[in-house]
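In: When you get a sec, could you give me coordinates for this:
(chains A and B)
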Amino acid sequence: MTNLATFQRELASLLRGEAAASDEDYFREVERSVGLDVARYSVASWRQLLLRQATPLTIAALTLGGRLEEAFRGLAIRATSAYVEKLACEFLDDVTPSGDTLLRAVAQFEKAMIQGADETIEWPCEPYSAIAALLRGEEPEEDGRKHVVIVSGGRFRVA
Amino acid sequence: MISLATTYEGNDRELLRRVLPLVDFIETTPDSLAALRGGRPTMPERALAELEEIVATKRLLVHGVGLSIGSHDAWNDDYLRLLDAIFGRADVAWHSEHLACSRVDGRDLGTMLVMPRTEEALDVVCQRVLRIRAMYGLPFLLENVINLLPEMPRPEYTHAAFLNEIVRRTGCGLLLDVYNLQCDAANHGLDIDAFLGELDLGAVREVHIAGGVKYRGMQLDVHSRRTQPETVQLAQHVLSRAANAEVLTYELLPQAVRWVGYDAIVEELTMLRAMLREEVAA
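Out: All right, here's what the predicted structure looks like:
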């Protein structure tokens, strides 16, 4: 039997969806097992449940763009924390570089709200209507203008 | 007489109002109550105030998920700060943690890995159990967790012998989750009778009971349902043999409260309370 450090590191890699470095038969068996798929599903489901509560606008924007599953797969590899605030920020950091201006705006907005940060964020559409549309699962309408949202201490206003 | 407990993770006054008259203990999870402040988990004042309110009429149990007592590198010091905050404000009957690893090299796994049943793993866990018992001077229990992955080859201990040896070396108690035993029986063919026959049942101080779901043929420990009759029967069987068991705890995820519903939770606790009273009468 391998030592404790190798045992835990190999299983952690497999849970994240990475390959095991060891060629021990046991890790090959785990890699092929239904149990590993089920464990990954269990981890992903739990994190998704937390993120649907913590980052509803970003989840809605990703869903509309058909990119939610891809974003969750990325999170499985990079997530480091059990705490929803940090997990949410890691998730939002992942999607912020997006070329989709609305997705980038809502991800920056939700991160600033979670962190209680002071930030000014440009939105490509009227923010209140956009938030309402996203929460209904509808695509917000861009009006060709820039709208500025000022976030401070967990509150926001439209400038 | 076995006392009844249920889980409560804050922010649900209606749940608390409904369950408090039915239980003797409330069991709470520090990690669920905590919020990040400045990058560190801290216990919010409102959560601590609510725990103070609970201990005015009921006893409190603390059940962790975040210590990661079995990590090869280190346990999670942040979890200890949460314990410090709770123990500083509320009397706690005992605290418990899962016999597992939930972090590796400082990164959260999103789940718990069972410990390999080896001498090395035993040494790691026992050293830490002794440390945490010395730190707090409170009874400390370890809970059996389920294993979704294939069983490890050539273990140096059986499931029960591994737990027995931890108890023998450290003097800690056991929190036996009977639903988790049923998961391991369904997923890996654990022989529950043989396990209980070998286990030092005198070390069992608390029993967990829950209901969950299946996914791809495997039974998951998500604690999202009411209990099944066979789980209640297994709990009765254990409680009748565990001479030092004091509490039966019905576990339910806070996220599952709205799926199960307040009325069904009250029915579940009422049923379990009646079952415990019948045991005494018998």
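In: Quick check: residues of chain A near chain B?
Out: A:1, A:3-5, A:7-9, A:11-12, A:15, A:25-26, A:29-30, A:33-39, A:41-44, A:46-47, A:49, A:79-83, A:85-86 (CB under 8 Å from any CB of the partner chain). The way it works is simple: take the backbone N, C-alpha and C, and place the C-beta from them, glycine included.
In: ok, the residue in chain A that chain B sits nearest to - contacts?
Out: Going by CB to the nearest CB, chain B is nearest to residue A:43 of chain A, at 3.6 Å. Applying CB atoms under 8 Å, 6 or more residues apart in numbering or on different chains to residue A:43 gives the contacts A:15, A:76, B:109-111.
In: right, and the helix or strand after the helix or strand where it lies?
Out: Element membership of residue A:43 [criterion: DSSP states H and E] is helix A:34-54. Note on helix A:34-54: by DSSP H and E, the next helix or strand toward the C-terminus is helix A:56-64.
In: Quick one: list the elements packing against that next one.
Out: For helix A:56-64, the packing partners by 3 or more CB pairs under 8 Å, 6 or more residues apart in numbering or on different chains; DSSP states H and E come out as helix A:68-78, helix A:84-95, helix A:101-115, helix A:127-136.
In: Turn the ones you listed into CSV, columns for mean neighbour count, distance to residue B:24 and mean pLDDT.
Out: As requested, the helices and strands packed on helix A:56-64 are arranged in CSV below (neighbours: other CB atoms under 10 Å in any protein chain shown; distance: least, CB to CB, whole Å; pLDDT from 0 to 100):
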stretch, mean neighbour count, distance to residue B:24, mean pLDDT
helix A:68-78, 15, 41, 87
helix A:84-95, 21, 31, 92
helix A:101-115, 22, 38, 95
helix A:127-136, 16, 42, 96
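In: Tell me which other helices or strands the host helix or strand of residue B:86 touches.
Out: Here residue B:86 sits within helix B:77-87, counting by DSSP H and E. Counting contacts by 3+ CB pairs under 8 Å, 6+ apart, helix B:77-87 packs against helix B:30-33, strand B:40-42, helix B:45-55, helix B:119-136.
In: helix, strand or coil for the closest residue to chain A within the stretch 1-150 of chain B?
Out: Nearest residue of the stretch 1-150 of chain B to chain A (CB to the nearest CB) works out as residue B:110 at 3.6 Å. What DSSP: H, G, I helix; E, B strand; the rest coil gives for residue B:110 is strand.
In: Next one: it from residue B:87, what distance?
Out: Between residue B:110 and residue B:87 the computed distance is 27 Å (CB to CB, to the nearest Å).
In: and these two? which has more neighbours close in?
Out: Comparing residue B:110 with residue B:87 by other CB atoms under 10 Å in any protein chain shown, the one with more neighbours is residue B:110, at 24 against 16.
In: you'd agree that one is up against residue A:47?
Out: Yes - counting by CB atoms under 8 Å, residue B:110 does reach residue A:47; the two are 6.0 Å apart.
In: what is in contact with these two at once?
Out: residue A:79.
In: Just the C-alpha atoms of stretch B:234-246, please, in CSV.
Out: C-alpha atoms of stretch B:234-246 as CSV (Å, rounded to 0.1, in the frame of the first residue of the first chain):
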residue,chain,number,x,y,z
LEU,B,234,-30.8,-0.3,12.6
ALA,B,235,-30.6,2.7,14.9
GLN,B,236,-32.8,0.9,17.4
HIS,B,237,-30.6,-2.1,17.1
VAL,B,238,-27.4,-0.1,17.8
LEU,B,239,-28.9,1.9,20.6
SER,B,240,-30.1,-1.3,22.4
ARG,B,241,-26.6,-2.6,22.4
ALA,B,242,-24.5,0.6,22.9
ALA,B,243,-24.6,1.0,26.7
ASN,B,244,-23.1,4.5,26.7
ALA,B,245,-25.1,6.0,23.8
GLU,B,246,-26.9,9.2,24.9
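In: buried stuff in it?
Out: B:234-236, B:238-239, B:242, B:245-246 (16 or more other CB atoms under 10 Å in any protein chain shown).
In: near chain A too, which of those residues?
Out: Answer for the buried residues of stretch B:234-246 near chain A: none qualify (CB under 8 Å from any CB).
In: was I right about residue A:38 contacting residue B:215?
Out: Yes - shown here, residue A:38 and residue B:215 form a contact pair, counting by CB under 8 Å, at 5.7 Å.
In: Between the two, tell me which one has more neighbours.
Out: Each of residue A:38 and residue B:215 has its neighbours counted (other CB under 10 Å); residue A:38 has more, 20 against 16.
In: Look up how far residue A:73 lies from the more buried one.
Out: 17 Å.
In: cool, and residue A:16?
Out: Taking CB to CB as the measure, residue A:16 falls 10 Å from residue A:73.
In: The buried residues of stretch B:234-246 in helices, which ones?
Out: Among those, DSSP state H puts B:234-236, B:238-239 in helices.
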